[in-house]
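S.K.: no sequence on this one, just coordinates:
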């Protein structure tokens, strides 16, 4: 089945988790774009959305969905986002689109994190997809050396600046055996804003679209 169709199937399944009349968290990426479009097409009654990126904000507003500041709404009932890689333990790698920091903030503020992916994103262990690390620009070289000392191969995502004004190092060849521990340790490197591991706060529900339907995974 066409991968874009699978993404739409996963996004459609996430509509069942959207509480009517409330403000929800909305992530970033191609699968989330389907989710945003479906919110508008199905006329799902939401009070507004907290967005994790400028790109999603623009798409929500084009559909007439109000975008609110997280500081003004407090905790959210649900956050819907995609992932670059996911395991059956609901650990994720995110940040291929560069919005990892805001995604992590909105996920932390949400009671339920619903992750939507197609089956190509499911992995037995994280590490196939390079791990994005958001870094304050002046610390790029320092952080790269620290990452290399851990056995990773950091590659500067040149020409890309995050919505927060920072840079991204994509780390290849990392052995990710303990995702939560590694997430914490990498965040302790001076100059790192955050990294793309979502293990300390994993997804609560993982919706995996396959040719024969959408599989729901929970812990």
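M.R.: Structure received. Quick caveat: nothing in here was measured; it's all calculated off a predicted structure.
S.K.: so who does the most centrally placed residue in the chain touch?
M.R.: Computing the C-alpha centroid of the chain and ranking residues by Cα atoms, centre = their mean puts residue 94 first, at 4.6 Å. By Cβ atoms under 8 Å, 6 or more residues apart in numbering, the residues touching residue 94 are 81-84, 100, 103-104, 132, 196, 198. Where C-beta positions appear, they are placed from N, C-alpha and C, glycine not excepted.
S.K.: quick check: it vs residue 46, distance?
M.R.: Applying Cβ to Cβ, to the nearest Å, the value for residue 94 to residue 46 is 23 Å.
S.K.: in its sheet, what does the top strand by length along the chain sit against?
M.R.: In the chain, with assignment by DSSP state E, the single longest strand is strand 110-118. Strand 110-118 has the following strand partners under DSSP bridges: strand 76-81 (parallel), strand 205-210 (parallel).
S.K.: now tabulate these in CSV and tack on mean pLDDT.
M.R.: Listed next are the strands paired with strand 110-118 as CSV, based on pLDDT from 0 to 100:
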stretch, mean pLDDT
strand 76-81, 98
strand 205-210, 98
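S.K.: what's near enough to touch the nearest residue to residue 157 once chain neighbours are set aside?
M.R.: Computed as Cβ to Cβ, 6 or more residues apart in numbering, the closest residue to residue 157 that is not its neighbour in sequence is residue 168, at 4.1 Å. Neighbouring residues of residue 168 by Cβ under 8 Å, 6+ apart: 95, 98, 132-135, 156-157, 160, 162.
S.K.: next one: phi and psi at the most far-flung residue of the chain relative to its centre?
M.R.: Ranked by distance from the centre of the chain (Cα atoms, centre = their mean), the top residue is residue 149, with 26.5 Å. Backbone torsions for residue 149, taken as degrees, to the nearest 10, come to phi -70, psi -20.
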